[in-house]
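>>> This is the structure alone, sequence omitted:
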């Protein structure tokens, strides 16, 4: 029996790969990990398209009860765990892989698109991104995201900020809040930034402006991310950003 | 009429997304960009699975003749350009997007898996990777990859080395050659490295060893990449690497 870890990509039910869809068809039990990211579709749409029932897996199930539930079932049944984006965006999925391997459970991994490479759509070269930086909801006394950004920026690298989400409570950190956080922590309010929403959808929002102007820009499309490009850009990068300005 | 830029993912014909496959079915002309990466399947397999004829697009066609061929056709027909991995791994595809937008051609982008996030399978956290670094075939007098690596390493970040390829001549830089390059350029031969081949396939090779031991390790599976993990690791990262050692 096999545990399938299947990336769903970034937007809707049709972003799954053909290989992923075939694995779902072979699975007896299907979990959807729904707390580390957000799709722009509903559980019902996924179930209708897959022709299968989906069980929502919250943090407690994936992190605390994985051994007694998911891994135990995978010993006698084909089990699929659907993960938004690519499979290994979060440490918790690596942990699950390790525990499955210890239990001698066959694991098949089916990759998909991740925001980490999809931001290439902005025109910024993905090989010139430094480390990605997460900004949490509770960031009043948190300085490491700003410090890490300064390090990327000094090394002339782009920075992707991943913004905290809480899909169970329909709460998302916005790029406005991220801009405000950065300015509050000493980042120059006049540098250029790129605000993105729903990358991977047919009409992603990509907005290029001074960091300060994001403070008042409220967009009701999620998930969002914020990018601060490097100081020096390739002329094709410049040209691409001008397209979105 | 629409120009579809479609990521194929990392391994074979079934790594395309359902959305990507639907776009191919709607396309009148289909190009496969075959010089920036490599799939583990043949053109014939892709054609059989898609039920469509594919035209191989070499560097000359995509970079020099795009305007007169691909973009001109997209004014009156649906044209698909298939790209291995995710869509924007190379500057040339951004350039194509910019020129299409200038010509008011409708462009639809269909993302897919990229090596940049798929390396999460090694157990190393993808948010702790610094910039990715390319090593070219001709690297005798090239020091910037080694310098950039030292910068990542000093900042306690993982480094993914992307190794040069020339699929038209079936020539691939190996992780052995990359290890040799790094040692020749002053990188400590006793640090831990991770050699990977065919990530995204059902049986990817992931090998953890001292950098020096990669010099003599010849593996005939491609594409390959080399990773040097950060100095300090999370205990789950340690545990994952031990699994592959």
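Ah, there it is. Just so we're clear, the structure is a prediction, and the values are computed from it rather than from any experiment.

>>> For the helix or strand where residue A:25 lies, buried residues please.
Per DSSP states H and E: residue A:25 is located in helix A:18-26. By neighbour count on 16 or more other C-beta atoms under 10 Å in any protein chain shown, the buried set for helix A:18-26 is A:18, A:19, A:20, A:21, A:23, A:24. The C-beta positions use only the backbone N, C-alpha and C, and glycine is treated the same way.

>>> wait, the second one sits on residue A:109?
In other words, residue A:19. No. Contact criterion C-beta atoms under 8 Å: residue A:19 and residue A:109 do not qualify, at 10.4 Å.

>>> before we move on, back to that, outside of the following helix or strand past the helix holding residue A:25, which residues touch it?
The element immediately downstream of helix A:18-26 (helix or strand, assigned by DSSP H and E) is strand A:29-33. By C-beta atoms under 8 Å, 6 or more residues apart in numbering or on different chains, the surrounding residues in contact with strand A:29-33 are A:24, A:43, A:46, A:50, A:52-57, A:61-62, A:70, A:73, A:77-84, A:93.

>>> let's see it at 6 Å
A:52, A:54-57, A:62, A:73, A:77, A:79-83 (C-beta atoms under 6 Å, 6 or more residues apart in numbering or on different chains).

>>> same question, stretch A:177-197
Residues contacting stretch A:177-197 (C-beta under 6 Å, 6+ apart): A:122, A:135, A:139, A:146, A:161, A:163, A:175, A:205-208, A:210-212, A:214-215, A:219, A:221, A:224-229.

>>> repeat for stretch A:113-121
Stretch A:113-121 is contacted from outside by A:9-10, A:85-86, A:126, A:160, A:199-200, B:86, B:88, B:111-112, B:114, B:116-117, using C-beta under 6 Å, 6+ apart.

>>> Show me the residues you listed that map onto strands.
residue A:160 (DSSP state E).

>>> now the strands for chain A?
A:2-7, A:29-33, A:55-57, A:79-83, A:106-110, A:133-135, A:159-163, A:165-166, A:171-172, A:192-197, A:205-210, A:224-228.

>>> Can you add distance to residue A:150 and give these back as a markdown table?
Shown next, in a markdown table, are those (distance: least, C-beta to C-beta, whole Å):
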| stretch | distance to residue A:150 |
| --- | --- |
| strand A:2-7 | 32 |
| strand A:29-33 | 33 |
| strand A:55-57 | 37 |
| strand A:79-83 | 32 |
| strand A:106-110 | 35 |
| strand A:133-135 | 11 |
| strand A:159-163 | 10 |
| strand A:165-166 | 25 |
| strand A:171-172 | 25 |
| strand A:192-197 | 15 |
| strand A:205-210 | 18 |
| strand A:224-228 | 10 |
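
>>> Any chance of TSV for these, columns mean neighbour count and mean pLDDT?
Shown next, in TSV, are the strands of chain A (neighbours: other C-beta atoms under 10 Å in any protein chain shown; pLDDT from 0 to 100):
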stretch	mean neighbour count	mean pLDDT
strand A:2-7	24	97
strand A:29-33	20	95
strand A:55-57	16	93
strand A:79-83	26	97
strand A:106-110	19	97
strand A:133-135	19	97
strand A:159-163	22	97
strand A:165-166	16	91
strand A:171-172	15	94
strand A:192-197	22	98
strand A:205-210	17	98
strand A:224-228	24	98
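
>>> Which positions within stretch A:138-147 qualify as buried?
A:139, A:145, A:146.

>>> Now do the worst-scoring helix or strand of chain A on mean pLDDT: everything it contacts.
The helix or strand of chain A with the poorest confidence is helix A:59; it has a mean of 82 (mean pLDDT, DSSP states H and E). Contact with helix A:59 is made by residue A:35, as judged by C-beta under 6 Å, 6+ apart.

>>> Residue A:239 and residue B:33, how far apart?
Separation of residue A:239 from residue B:33 (C-beta to C-beta, to the nearest Å) stands at 21 Å.

>>> my bad, should have said residue A:244
Applying C-beta to C-beta to residue A:244 and residue B:33 gives a distance of 24 Å.

>>> Could you list which of the buried residues of helix A:18-26 also contact chain B?
Applying C-beta under 6 Å from any C-beta of the partner chain to the buried residues of helix A:18-26, one finds that A:18, A:19 fall near chain B.

>>> I'd like the buried residues of helix A:18-26 laid out as JSON lines, including pLDDT.
Shown next, in JSON lines, are the buried residues of helix A:18-26 (pLDDT from 0 to 100):
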{"residue": "A:18", "pLDDT": "98"}
{"residue": "A:19", "pLDDT": "98"}
{"residue": "A:20", "pLDDT": "98"}
{"residue": "A:21", "pLDDT": "98"}
{"residue": "A:23", "pLDDT": "98"}
{"residue": "A:24", "pLDDT": "98"}
